[in-house]
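In: Okay, sequence plus prediction incoming.
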Amino acid sequence: MKLLITGSYGQLGNELLTILKTGRAEIGPIDPAYQGAEVIGVDMDTLDIADPDAVQAFVEKEHPDVIINCAAMTNVDGCETMHVAAMKANAFGPRYLAMAAEQIDAKLIHVSTDYVFAGDGTTPYCEWDTPAPNTVYGKSKWLGEQYVRNACKKSFIVRTSWLYGYVGKNFVKTMLKLGSEKEQITVVSDQRGNPTSANDLAYHLLKLALTEHYGVYHCTGEGECSWYDFACRIMEKGGKACRVNPCTSAEYPSKTPRPAYSSLRNLALESTVGNEMRDWKEALDMYLANLGGNVQ
């Protein structure tokens, strides 16, 4: 088996490479089918997915059985002003990968986001709910989903949210850093979603890749919380004395509106390969234990 992983320097790409190398995730061992698999990791310095000619040539040359696209422009505020960059990374890049995958009859797993929904719900969004993004980031990711679905018949679209991993920047590391520097911080308490371990997500992507259950999936940590709840757990389990104060989104406005409610239900996983995603608190606690003092 041969796998191509784009965005390999990022949180999710790194977890995939590590899990495939070691043969196990924090949830448990991965399928023996991956033993001896050839894994190619690429990022912007080796393959620009927004370059259609480069993508086609690379995929034709390497001829992977599975492509997992972790590449994206995830800077929500940046997308609001850099429309062309957002479109290239989040819509046309996935389209070119899907077209190339279709040409060689490869499977494509494309990672998407909770931002494709309006974020004004009150119960977890299921895969059958209609996307209605209201940010450039969400709109570009939604268009990317449609391009992938239309261009590649062997495609999986996997939406996730509030992702954190062992490399790069994320909310958990930011909170730990602030917890070491400040006596108290303020975090919004009226935005709810699902913290998700990149390690758990990677494990499930590899489960899906061995199947032919193509379609749309949600894959997030089990249970929901607010950013305030998330921050409190990080401080408590990270051993930080910093006090976390709640506030409303109106009291702490951002350049780009964040979803008030973007919790997802992993219904398609439950219905196919099985939902083994851990409770967000359990996954976070293990992450913090493994991370130690490394917040760089």
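Out: That came through fine.

In: where do the helices sit along the chain?
Out: 11-22, 52-62, 76-81, 83-87, 93-104, 136-151, 171-181, 198-209, 227-237, 267-271, 280-291 (DSSP state H).

In: for the ones you listed, which one sits closest to Gly119?
Out: helix 136-151 (8.5 Å; C-beta to C-beta). The way it works is simple: take the backbone N, C-alpha and C, and place the C-beta from them, glycine included.

In: and stretch 165-181, C-alpha only, in PDB?
Out: C-alpha atoms of stretch 165-181 as PDB (Å, rounded to 0.1, in the frame of the first residue of the first chain):
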ATOM      1  CA  GLY A 165      -1.900  18.000  18.100                       C
ATOM      2  CA  TYR A 166       1.700  17.700  19.200                       C
ATOM      3  CA  VAL A 167       3.300  20.000  16.700                       C
ATOM      4  CA  GLY A 168       2.600  23.600  15.800                       C
ATOM      5  CA  LYS A 169       0.300  26.100  17.500                       C
ATOM      6  CA  ASN A 170      -3.100  25.300  18.900                       C
ATOM      7  CA  PHE A 171      -5.500  26.500  21.700                       C
ATOM      8  CA  VAL A 172      -4.200  24.100  24.300                       C
ATOM      9  CA  LYS A 173      -0.600  25.200  23.900                       C
ATOM     10  CA  THR A 174      -1.700  28.900  23.900                       C
ATOM     11  CA  MET A 175      -3.600  28.300  27.200                       C
ATOM     12  CA  LEU A 176      -0.600  26.500  28.800                       C
ATOM     13  CA  LYS A 177       1.700  29.400  27.800                       C
ATOM     14  CA  LEU A 178      -0.700  32.000  29.100                       C
ATOM     15  CA  GLY A 179      -1.100  29.900  32.300                       C
ATOM     16  CA  SER A 180       2.600  30.200  32.900                       C
ATOM     17  CA  GLU A 181       2.700  33.900  32.300                       C
END
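
In: Report the buried residues of that stretch.
Out: Buried residues in stretch 165-181, counted by 16 or more other C-beta atoms under 10 Å: Gly165, Tyr166, Val167, Asn170, Phe171, Val172, Lys173, Met175, Leu176, Leu178, Gly179.

In: Need the contact partners of stretch 48-68.
Out: 1-6, 16, 40, 42, 47, 69, 71, 88-89, 92-94, 96-97, 99-101, 103-104, 106-109, 111, 205, 209 (C-beta atoms under 8 Å, 6 or more residues apart in numbering).
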